[in-house]
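K.L.:
I would like the atomic coordinates for the input below:
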Amino acid sequence: MFSLAFLVFLFTCFTVVLSATSWTANPFNPASIPLAVRSPYFSAWLNQGEGTALNAAWPTFWTGGIVGWAGFAKVDGVAYNWLGDPGIPGVNFTKTTQKSFEFTSTQSIFVMTAGPVDLTITFLSPVEPSNLVNQSFPFSYLSVSAASNDGNDHSVQVYADISAEWVSGDDSLQVQWTTSTGATIAHQVQLSIQEPFTEINDRAQYGAAYHAMLSDDSVTFQTGQDIVVRAQFINHGALPNAQDSNFRGVSANWPVFALARDLGKVNSASTSATAVFAVGHVRDPAVQYITASNGVQQRSSLFMAQASPIYSAITTFLSDYDNALARARAFDAQVNQDAAKVSTDYAAVVALSIRQVFGAIELTVSKTSSGDFNTSDIMVFMKELSTGGAVNTADVIFPAWPLFLYINPAIGKQLLQPLLAYQATGQYPNPWAAHDVGHSYPNATGHNDGKDLALPVEETGNMLIMTLSYTQRTNDTSLVTAYYDLLDRWAQYLVQNSLNPPNQLSTDVFAGSLANQTNLAIKGIIGIKAMSEIAAIAGDSAKSASYSATASKYAQEWEQLAMSTDGTHLTLSYGNSSSWGLKYNLYADKLLGTNIFSQSIFDLETKWYSTRANTYGVPLDTRNTYSKPDWQMWTAALVSDNTVRDTLITSVLKYASDGLNARPLPDLYDTVNGTALSTQARPVVGGHLALLTLQSKTAIAPSNSSIGSSGSSSTTPTSPGSGGTSGGSSPGTTTSTNSTEPTQNKPNSAHASSSGRRDRLVVLFGAVSMAAFVIA
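P.N.:
Residues are numbered from 1 along each chain as shown. The predicted structure is shown next:
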């Protein structure tokens, strides 16, 4: 039975949240809309708050710094602005009116009224689970089509430009550019002085941005000062195929790189031809990675393994648009169908989460000693966005892990590889698993001094759980075979430290360290049981039995230690009966099927959570009113009552759509007032797929998918570039103005805003006083 207060809360949660927007939004209007989100350095968003039309603000980088991106249309000679918020002295134009907005897992779709014509504007950031080469190509599509809304014929031309703000975190730095013509018109802009592996305000200080379109007689281009180029289109409906020869600073007369297309006559009987633009950001090398004996390996984006010029890659990408859109729609439909089996609210949250995760990772490949790409050595690197910038943080991969198991576990494996391979070299001195593989992205240069942020039980349990879950999902035992000794060593640490965890941090670092954390002990115990299963896979029956017995013994003892004195709930820490918290780590017991904890524990916690929800969800624990949406979704996946499950899901949706926040979905917020606290754009929102992963026993990507296999409906759109840190050369007709896995001993078997450091951030929790804390 549930209390009256709880039922009132439930009714409130299921009431549609009224939007302040003047347009329809489906499934809801989020805190920030992903526009072009493919990598940590190629990430454009439209921040919302109570609602911001596509042409009411500039798109921003995930940090909040402006990335200039403007769009205009001319309809029967009248100019309309549909993207960005430009001002052009002495030139008249009208703002389009936004009629609707819709997002899916891969697309953000706007319908804007430009007088007698409706423009459909689609931002597509492909998610290609069956083709890792495609997934690694850091480009997105922007498409614009038009249809008459008054039954008459109308003449329509469309225009878009990007600024040099896409290539630096410092607008004073000088840039240079070229334009390639031929089958494709491609603008390339980059810093004049390239600084590999460095950042300013989380922006890479090397590489190049691209803006491109397939060429025909209807397409024109121009580079030059923003107000000059935009006025040219507004006044003439076309561009003069001319270039500015004056290389200069990003903000010195704001150079822009523009393309325009004449769509011809548009009527109500059919939609016009579609203008398709490609936007991207390329760096080479992408990451530097530590190898044995403190060596450093430079790794390139995986798409470069096809060794063709970047110009050709862009042309193939643009030519593949129809197929890419078909694949995206199929992917979106599959995700929505699967998630809607839980609820429509759940499907909405899942759809918002996927691009945010993929926007934090890069797929890379190494080279052999002869300089050839080694496509058998793929590693994936993740940037810990907004909370320090570390590389492959284990407790950031861990909450996102359900997404990779659901979409393509191979990507998850390749995320683990940099951590496993580095620590298997013996250079990391601590007996527990490392927090990350490098302090500052894209420098995966290890921690040979052992002075990374110490989360010993947390990260060690994470690595064992993820390794086993990957192996179970795929029947691929290669991680077990290659790293058995390392995994065994980590498990021995858990045996010594899991039942009574020392005073140490968990993943919720912002909450501070605490001894005998009940939830942390859960992770350690499941980690031990996971090692039992790993040992069995490796054929080591003696160790398997020993670890299993230890885990079972600890689970029984833990239940006594963790229980409140009145037996109504589990405590936050042993012996403190007034404390409690979300026991989201129990999810791993369900995921792995280890059943080390009794069902009565799940039922007990379910009942407890049913009376603990605030307006925007269940707090993380009794130390504060904040919570995390990823951990609430993990909890929703483990509770034994669907009403409580749906309360948790709907609370996350209510927060995500509350109109109070204006940045890529933050993963820490106050459950009383719905305001976000300090974080943004982090990939941990992959945890929102926790229910999908339990529900779906197989991944979307076929188990036999290869780096370039994408099914019969696709061509391979990436024929990648060669070249150095500038992002590659630009052949065509150019108009320019001056690692393998180690084998260990083992048994035989099968306007930029900067982010704060992870180390210290200061946040005001509503009426709570200022407090220093760290985000995991």
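K.L.:
got the buried residues for stretch 333-342?
P.N.:
Going by neighbour count (16 or more other CB atoms under 10 Å), the buried part of stretch 333-342 is 335-336, 338-339, 342. C-beta: built from backbone N, CA, C; applies to glycine.
K.L.:
which SSE is the nearest residue to residue 257 once chain neighbours are set aside in?
P.N.:
Spatially, and ignoring its direct neighbours in sequence, residue 257 is nearest to residue 187 (3.6 Å; CB to CB, 6 or more residues apart in numbering). Counting by DSSP states H and E, the element that carries residue 187 is strand 184-191.
K.L.:
hang on, the earlier thing: which strand residues bridge the residue nearest to residue 257?
P.N.:
residue 179, residue 211 (DSSP bridges).
K.L.:
residue 261 now?
P.N.:
residue 158, residue 219.
K.L.:
need the per-residue pLDDT for it.
P.N.:
The confidence metric pLDDT takes the value 98 at residue 261.
K.L.:
quick one: it and residue 268, what's the gap?
P.N.:
Residue 261 sits 21 Å away from residue 268, going by CB to CB, to the nearest Å.
K.L.:
who's more crowded, those two?
P.N.:
More neighbours surround residue 261 than the other of residue 261 and residue 268, with 25 against 16 (other CB atoms under 10 Å).
K.L.:
I figured the more buried one was touching residue 157, is that so?
P.N.:
Yes: using CB atoms under 8 Å, residue 261 makes contact with residue 157 at a distance of 6.9 Å.
K.L.:
and the host helix or strand of residue 491, what's buried?
P.N.:
Element membership for residue 491, per DSSP H and E: helix 478-497. For helix 478-497, a neighbour-count test (16+ other CB under 10 Å) marks 479-484, 486-488, 490-491, 493-495, 497 as buried.
K.L.:
which residues does the spatially closest residue to residue 107 that is not a sequence neighbour contact?
P.N.:
If the residues on either side of it in the chain are set aside, residue 107 comes closest to residue 124, at 5.2 Å by CB to CB, 6+ apart. Taking CB atoms under 8 Å, 6 or more residues apart in numbering as the definition of contact, the neighbours of residue 124 are 106-107, 140-143, 324-325, 328.
K.L.:
where's residue 124 relative to residue 109, distance?
P.N.:
9 Å.
K.L.:
what's the answer for residue 627, then?
P.N.:
31 Å.
K.L.:
neighbour count: those two, which is higher?
P.N.:
When neighbours are counted by other CB under 10 Å, residue 627 and residue 109 differ, and residue 627 comes out ahead with 29 against 16.
K.L.:
okay, which residue is most central for this protein?
P.N.:
Relative to the mean C-alpha position of the chain, the nearest C-alpha, by CA atoms, centre = their mean, is the one of residue 357, at 1.8 Å.
K.L.:
now that residue: how far from residue 399?
P.N.:
With distances taken as CB to CB, residue 357 is found 10 Å from residue 399.
K.L.:
same thing with residue 136?
P.N.:
23 Å.
K.L.:
and the residue nearest to the centre of the chain, what does it touch?
P.N.:
Residues in contact with residue 357, defined by CB under 8 Å, 6+ apart, are 400, 403, 683, 685-686.
K.L.:
can I get these in TSV with distance to residue 200 and neighbour count?
P.N.:
Below are the contacts of residue 357 laid out as TSV (distance: CB to CB, whole Å; neighbours: other CB atoms under 10 Å):
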residue	distance to residue 200	neighbour count
400	26	25
403	30	27
683	22	26
685	26	30
686	28	31
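K.L.:
and which of those is nearest residue 525?
P.N.:
Nearest to residue 525, judged by CB to CB, of the contacts of residue 357 is residue 400 at 22.5 Å.
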